[in-house]
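Asker: sequence below, structure please.
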Amino acid sequence: MKLALATCLSALIATGATANNVFVTNEKGNTVTVIDSDTWEVVTEFAAGNRPRGITISPDGSLLYVCASDDDTVRVFDTTTFEELYTLPSGPDPELFVLHPSGNPLFIANEDDNLVTVVDTESHTVLAEIPVGVEPEGMGISPDAAFVVNTSETTNMAHFIDTTDYVIKHNILVDQRPRYAQYNADGTKLYVTSEIGGTVSVIDIAEDGTPTLSTKITFEVPGVLPEWLQPVGAKVTSDGKWLFVALGPANRIAVINAETDEVVDYIIVGQRVWQLAFTPDEKFLITTNGNSNDVTIIDVETKKALKSVPVGQQPWGVAVTPDRDG
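Answerer: Prediction:
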């Protein structure tokens, strides 16, 4: 299914070509929905392979990478025309990945084979396959790119992989079914969400990169069963003050004071909230809500949900183009 590119481009021109595009993968719809961040209106929707999930954008904003999990490949699109340019090898069942800050390489979690696959985004070749724990999923990278972190759902660990030799140097035990790994901007903390454990592990990072488990953040919402409080996606503001965590079937985003690790509020969003992304100015946070087939737009300053935007079937991942000069 391809929608007319002329219609897409006309819509972009009408809303301003410099607006940030929000890209949402629709896991069951096999598409990506594009939303204009100025108007919060859907620009278009395009085919993205079978079971698209993980999604990220190149540092220069020109390329969109999508894990087509059931195709066992990463599909690469132009962020302006939405045309598919080429594919990258990914290993079996790619789900989440993280891109080196330079744009190369790409680190991909392969859940079925218990591997992290390292792919050169320029030569389109596999550089390494790194054995990790059972059912790897979450991927994070330190701001200095010295370590890539993979979380293994069944082993319940965060594995710290040295990016110079692709060897695991540290393992940290966390709670059941770790889903996501997110560093803060200065690399002094790593947050690992545990879906079944119901916690976020806060890991302090020493200057040499050595991790130490500091504390675990727990959640409690009146009227919501504890087993519904399932932390998945997470994002921290660049100033290190606020951590936002998606709580899955609780249909809420937890607002956490990242300086004290205290939960200060919960924001009601759509059903089965999954992943999160900021706009480049961090004025807005976008959440994907898998069971209500929409995304929620949150005002970061006021910590209030502003509106929902219908997208495709079972939205999963979300990424926003960076600001471009000119």
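Asker: buried ones in stretch 304-318?
Answerer: Neighbour counts over stretch 304-318 (16 or more other Cβ atoms under 10 Å) mark 305, 308-309, 311-312, 314-318 as buried. Just so you know, the C-beta spots here come from the backbone N, C-alpha and C atoms, and that holds for glycine as well.
Asker: then stretch 27-35?
Answerer: Those would be 27, 29-35, for stretch 27-35 by 16+ other Cβ under 10 Å.
Asker: likewise stretch 34-46?
Answerer: 34-37, 40, 42-46.
Asker: any idea how far Gly133 lies from Val202?
Answerer: 20 Å (Cβ to Cβ, to the nearest Å).
Asker: mind listing residues that contact stretch 147-154?
Answerer: Contacting residues not belonging to stretch 147-154 are listed as 98, 107, 109, 111, 114, 116, 130, 132-142, 157-163, 169, 174, 177-181, 183, 190, 192, 209 [Cβ atoms under 8 Å, 6 or more residues apart in numbering].
Asker: give me the mean pLDDT for it.
Answerer: Averaged across stretch 147-154, the pLDDT comes to 97.
Asker: now do the buried residues in that stretch.
Answerer: Buried-residue list, stretch 147-154, by 16+ other Cβ under 10 Å: 147-153.
Asker: and of those residues, the nearest to Gly61?
Answerer: Nearest to Gly61 out of the buried residues of stretch 147-154 is Val148 (Cβ to Cβ; 22.3 Å).
Asker: the closest one: what secondary structure?
Answerer: strand (DSSP: H, G, I helix; E, B strand; the rest coil).
Asker: so what sits opposite it in the bridge?
Answerer: Ile141, Ile161 (DSSP bridges).
Asker: from Glu95, how far off is it?
Answerer: 15 Å.
Asker: repeat that for Thr199.
Answerer: 21 Å.
Asker: let's have the buried residues of stretch 27-35 in TSV, adding secondary structure.
Answerer: Output for the buried residues of stretch 27-35, formatted as TSV (three-state DSSP):
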residue	secondary structure
Glu27	coil
Gly29	coil
Asn30	coil
Thr31	strand
Val32	strand
Thr33	strand
Val34	strand
Ile35	strand
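Asker: rewinding a little: what two of the buried residues of stretch 34-46 are the furthest from one another?
Answerer: Trp40 and Phe46 (18.8 Å).
Asker: let me know the secondary structure of Gly91.
Answerer: Taking three-state DSSP, the label given to Gly91 is coil.
Asker: go ahead and confirm it touches Ile108.
Answerer: Yes: Gly91 is within contact range of Ile108, at 6.2 Å (criterion: Cβ atoms under 8 Å).
Asker: before we move on, the earlier item: out of the buried residues of stretch 147-154, who's nearest Thr260?
Answerer: When those are compared against Thr260 (criterion: Cβ to Cβ), the nearest one is Val149, at 23.4 Å.
Asker: how close does that closest one sit to Ala158?
Answerer: Going from Val149 to Ala158 by Cβ to Cβ gives 5 Å.
Asker: hey, what's in contact with both of the two?
Answerer: In contact with both Val149 and Ala158: 138, 181, 190, 192, using Cβ under 8 Å, 6+ apart.
Asker: in the sheet, who's paired with the second one?
Answerer: Spelled out, that is Ala181. Beta-bridge partners, per DSSP bridges, of Ala181: Val192.
Asker: how much space separates it from Phe284?
Answerer: 23 Å.
Asker: repeat that for the last one.
Answerer: According to Cβ to Cβ, Val192 stands 25 Å off from Phe284.
Asker: who's more crowded, these two?
Answerer: Val192 (30 against 20; other Cβ atoms under 10 Å).
Asker: which stretches of this structure form helices?
Answerer: 5-15 (DSSP state H).
Asker: run through it and note the low-pLDDT ranges.
Answerer: In the predicted model of the chain, residues 1-18, 325-326 satisfy pLDDT under 70.
Asker: quick one: terminal-to-terminal distance for stretch 168-177?
Answerer: This stretch, stretch 168-177, spans 20 Å end to end (Cα to Cα, to the nearest Å).
Asker: what's in contact with it?
Answerer: By Cβ under 8 Å, 6+ apart, stretch 168-177 touches 130, 132, 147, 151, 153-154, 156-162, 192, 194-199, 201, 203, 209-211, 213, 216.
Asker: ok, 7 Å please
Answerer: The contact list for stretch 168-177 (Cβ atoms under 7 Å, 6 or more residues apart in numbering) reads 153, 156-162, 192, 194-197, 199, 201, 203, 210-211, 213, 216.
Asker: tell me how far it is from the chain's mean position?
Answerer: The chain centre lies 19 Å from the centre of stretch 168-177; the measure is Cα atoms, centre = their mean, to the nearest Å.
Asker: ditto for stretch 129-145
Answerer: The mean C-alpha position of stretch 129-145 is separated from the chain mean by 13 Å, Cα atoms, centre = their mean.
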